[in-house]
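Colleague: Give me a 3D structure for the following:
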Amino acid sequence: HTLPLLPLKNVVILPKSIIPIIVGRQSSIQAVEHALKHNQTLFISAQKDSRTENPTADDVFTYGTRSSILQVMRMPNGSLKLL
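Modeller: Next comes the predicted model:
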């Protein structure tokens with residue numbers, strides 16, 4: 001089963017936690033939109049270097065958390081706020 005990847009900068013999501021996340025990168029917004037169309041589930045992992053703007057598989061940690069999207073708000077600047 002493949003899930004869309006949401007790499008995070010300077011944040012680690014732990015199981016059972018509910019944390020607001022601002023998503024602004026176009027690739028991350030596309031991952032969220034894909035999850036919303038399917039099963040509301042993402043794979044969230046931390047980036048190894050927060051300065052990397054377009055992370056690849058080598059730029060994120062192998063381990064992460066399978067997360068469910070509870071709520072999405074579209075911000076005026078085009079970013080998304082997830083819960």
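Colleague: any weak-confidence spans in the protein?
Modeller: Across the chain, the ranges flagged by pLDDT under 70 are 1.
Colleague: What's the local residue count around the residue nearest to residue 10 when sequence neighbours are not counted?
Modeller: Beyond its immediate neighbours in the sequence, the residue positioned closest to residue 10 (CB to CB, 6 or more residues apart in numbering) is residue 50, lying 5.1 Å away. Yep, even glycine has a C-beta here, placed from its N, CA and C like the rest. Neighbours of residue 50 under the rule other CB atoms under 10 Å: 13.
Colleague: Surely residue 50 is within a helix?
Modeller: No - assignment of residue 50 by DSSP: H, G, I helix; E, B strand; the rest coil gives coil, placing it outside any helix.
Colleague: Distance check, it against residue 7.
Modeller: 10 Å (CB to CB, to the nearest Å).
Colleague: circling back to that earlier point, make sure the residue nearest to residue 10 is actually in contact with residue 9.
Modeller: Yes - applying CB atoms under 8 Å, one finds residue 50 in contact with residue 9, separated by 4.0 Å.
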